[in-house]
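A.B. asks: Output the structure for:
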Amino acid sequence: MNRLVSGHSRMLWTVCLAGAVAVTAYPALAQREGSTPVASTAATRPDADKARDPDRKPTIMMQFAKVKRGQTVVDYLPGKGYFTRLFSDAVGPKGAVYAVWDQILIDRLKGKPLPPSVSGEPGRSNVHDGVANADTLGVPGKVDLVWTSQNYHDVHNWAGAQGTAALNKVIFAALKPGGLYVIVDHAGTPGLDDAGMAKVHRIDETLVKSEVEAAGFVLDGESSALRNAADPRTAAVFDPAIRGKTDQFVLRFRKPR
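C.D. replies: Presented below is the predicted three-dimensional model:
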């Protein structure tokens, strides 16, 4: 495995993750939104992560993604590691979490540093680093869950429909039969084209469904918990008028057994 440990890069967040990463709730568990989030008081989680728990609702997110002890989870394009740490706590010492960057992004950064690896933090021995490309997800074996948040539209921006098709193909191959693929992203207007995606950092939910299902996945669940009907879905997600309040979708796909 390649180990990617480096200093903070402000440019990375502008280019890659479109600011804050959001999570969601499974509708059947909505009544638990006020409960204490999983691992929100864990001593190994930074205060900056804990401060974002009320908005990101990690307990409900873990329920939606059906994370269990002992599983192997991939956090694709992990950013500063908010979800990586949560997955690390959730799967426990007998589980494994792979924080996977993509070679496409590494090439685009042209030597600029990635964020420090969570795998180097105390108590994170179950976290490992990987690099995906058009042929592999960069993990040594089959996994139970692949999670990506606010990144799917970025792959479209970097590599177009061909790049997302390749990503979905390698994710399908990396998952165990019955494994889950969860995507959270900013909702765009119906029919939003590539130029529009690059401009507003959003994506048409219908397009995501069709592309992922074309790779062989079956839609297994979705949530309206992060929907915001007041968002016209036309402004860039960085616009101060809408930042942090965008209409968002969360989709769970399953690899057939």
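A.B. asks: Quickly note the distance from the residue positioned nearest the centre of the chain to Tyr76.
C.D. replies: For the chain, Thr148 is the residue whose C-alpha lies nearest the centre (C-alpha atoms, centre = their mean; 1.9 Å). Between Thr148 and Tyr76 the distance is 4 Å, computed by C-beta to C-beta, to the nearest Å. Backbone N, C-alpha and C define where each C-beta goes, glycine included.
A.B. asks: Kindly report the same for Trp101.
C.D. replies: 8 Å.
A.B. asks: who has more neighbours, these two?
C.D. replies: Tyr76 (26 against 23; other C-beta atoms under 10 Å).
A.B. asks: by contact count, what packs against the host helix or strand of Ser210?
C.D. replies: Element membership of Ser210, judged by DSSP states H and E, is helix 205-214. Under the contact criterion of 3 or more C-beta pairs under 8 Å, 6 or more residues apart in numbering; DSSP states H and E, helix 205-214 touches helix 152-174, strand 175-186, strand 218-223, strand 248-254.
A.B. asks: Can you give the contact residues for the first one?
C.D. replies: Right, the one you point to is helix 152-174. 16-18, 74, 76-77, 102, 104-105, 108, 132-137, 139, 142-143, 146, 181, 183, 185-186, 188, 194, 197-198, 201-203, 208, 211-212, 214-217, 255 (C-beta atoms under 8 Å, 6 or more residues apart in numbering).
A.B. asks: Give me the distance between it and the centre of its chain.
C.D. replies: Between the centre of helix 152-174 and the centre of its chain there are 13 Å (C-alpha atoms, centre = their mean, to the nearest Å).
A.B. asks: Same question for the shortest one.
C.D. replies: Using C-alpha atoms, centre = their mean, the distance from the centre of strand 218-223 to the centre of the chain it belongs to is 15 Å.
A.B. asks: what is the mean pLDDT for it?
C.D. replies: For strand 218-223, the mean per-residue pLDDT is 94.
A.B. asks: Going forward, count from 342.
C.D. replies: With 342 as the first residue, the last one maps to strand 559-564.
A.B. asks: Which strands or helices does that strand pack on?
C.D. replies: By 3+ C-beta pairs under 8 Å, 6+ apart, strand 559-564 packs against helix 546-555, strand 589-595.
A.B. asks: can the ones you listed go into CSV with extra columns for mean pLDDT?
C.D. replies: Output for the helices and strands packed on strand 559-564, formatted as CSV (pLDDT from 0 to 100):
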stretch, mean pLDDT
helix 546-555, 98
strand 589-595, 95
